[in-house]
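Below: sequence and its predicted model.
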Amino acid sequence: MKLKLAASALTLALVMPAISASADNDAGTRVDNGARMGTPPAGLVVQYSGSLFMIPVANIAINAVWPGETYSATAVFQSGGLLRWFDDTNIEAGVSGYMQETELVPWRYQHFNHASGTNRIVGIDFEDGRAVPDVNPPFGSMGDPPASDEDREGAVDPISGILSMMLATPATANGDICVGSVPIFDGRARYNLRLENGGMSEVSTRAYRGEAMVCRAYVEPISGYEEGKRPTEEDTARPVTMWLAPMEGLWVPVRYRASTRIGNITISAVRLSVDNG
């Protein structure tokens, strides 16, 4: 059971970076706070490796491209090592959307767990600013209570959130990054991420060594959770801490750390490539 919790924390660590560093929005709708996104490079590839007590437990990869006024990206999460015995996960996710001056606007997101055995595609269409689930075959339950139309208004998908964070300009309207709250919808669960800026700190990984912004993200569950799977107060009191490295006009997550009941799970960048075109 404890290793199952570790698996959940690793999956959450993949989703937690899905935050807009320029957001300051508790109501669940997007607002223009005066911040503008930076100019993206042609592409970005980041590969991560996760460990628990120095034992490899997961591999993650993110690949993004920004061709003109659109964007697309994929993310892959695969459990490995000891964790695979308890939670065999192989998730491939993708998103496409439009670039605007202040934000990324997704039009289609979907993910598929190759190891689940259900052959379920979890998709999200974005219609007039509202996230609309498109799940086939459908979940047996969309949660109790399920995410309502109002809950999903203004919510973004996990990958678009991480790209928005990477493109945040060094200073937002309030002079900081990693602040406020952002609404996330993953196809069933709807939650906010509350952000805290921890200042600059040195970080060292195989892919990056130098200063990075420390950003702590706390989950605030809203709706769409099955019985027994809603995060507890103890769970939500533990943030996922991220180290965001400034490079080539981006803030790239180079390390994540999640504190669980059985120890700290650390996910670090092992390969990082920026394509300037």
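Ah, there it is.

rest of the way, CA atoms for contacts and neighbours
Fine.

Output the lowest mean pLDDT helix or strand found in this structure.
In the chain, the helix or strand scored least confidently by mean pLDDT, DSSP states H and E is helix 2-15, which has a mean of 44.

mind listing what L104 touches?
G97, Y98, S160, S164 (C-alpha atoms under 8 Å, 6 or more residues apart in numbering).

contacting residues for the residue nearest to V45 when sequence neighbours are not counted?
For V45, ignoring the flanking residues on the chain, the nearest one in space by C-alpha to C-alpha, 6 or more residues apart in numbering is N63 at 4.5 Å. Counting by C-alpha under 8 Å, 6+ apart, N63 touches G43, L44, V45, V46, A73, T74, A75.

Please name the residues that touch the closest residue to the first one other than its chain neighbours.
Nearest-residue entry for G43: V65, 4.2 Å, with adjacent residues in sequence omitted and distances by C-alpha to C-alpha, 6+ apart. Neighbour list for V65: P41, A42, G43, L44, Y71, S72, A73 [criterion: C-alpha under 8 Å, 6+ apart].

how near is V252 to A115?
From V252 across to A115, the span is 29 Å (C-alpha to C-alpha, to the nearest Å).

These two: which has the busier surroundings?
Each of V252 and A115 has its neighbours counted (other C-alpha atoms under 10 Å); V252 has more, 25 against 14.

Going by distance to I184, which of the contacts of V65 wins?
Nearest to I184 among these: A73, at 17.1 Å, using C-alpha to C-alpha.

Can you measure across stretch 116-123, start residue to end residue?
End to end - C-alpha to C-alpha - stretch 116-123 spans 16 Å.

just stretch 42-62 next, same as before
Termini of stretch 42-62 sit 14 Å apart (C-alpha to C-alpha).

Can I get the buried ones among the contacts of V65 as something I can paste into PyMOL?
Here is the PyMOL command that selects the buried residues among the contacts of V65 (16 or more other C-alpha atoms under 10 Å):
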select buried, resi 41+43+44+71+72+73
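
And the contacts of V65, which is closest to T89?
Closest to T89, out of all of the contacts of V65 and judged by C-alpha to C-alpha, is A73, at 19.8 Å.

Quick check: which element contains that closest one?
strand 70-79 (DSSP states H and E).

where do the helices sit along the stretch 151-277 of the chain?
158-166, 233-236 (DSSP state H, counting those that start in this stretch).

what's the most buried one of these?
Mean neighbours per residue, mean count of other C-alpha atoms under 10 Å, is largest over the helices of the stretch 151-277 of the chain for helix 158-166, with a mean of 26.

angle of it against strand 70-79?
110 degrees (axes from the mean of the first three to the mean of the last three C-alpha atoms, to 10 degrees).

just checking, what packs against helix 158-166?
Here helix 158-166 is seen to pack against strand 70-79, strand 90-99, strand 104-113, strand 250-260 when contacts are counted using 3 or more C-alpha pairs under 8 Å, 6 or more residues apart in numbering; DSSP states H and E.

The first one - contacts with which helices or strands?
With contacts defined as 3+ C-alpha pairs under 8 Å, 6+ apart, the secondary structure elements packing on strand 70-79 are helix 2-15, strand 55-65, strand 90-99, helix 158-166.

change it to 10 Å
Counting contacts by 3 or more C-alpha pairs under 10 Å, 6 or more residues apart in numbering; DSSP states H and E, strand 70-79 is packed against helix 2-15, strand 43-52, strand 55-65, strand 90-99, strand 104-113, helix 158-166.

So for the residue nearest to T266 when sequence neighbours are not counted, what's the pLDDT?
When the adjacent residues along the chain are set aside, T266 lies closest to R257, with 4.5 Å between them (C-alpha to C-alpha, 6+ apart). Note on R257: pLDDT of 90.
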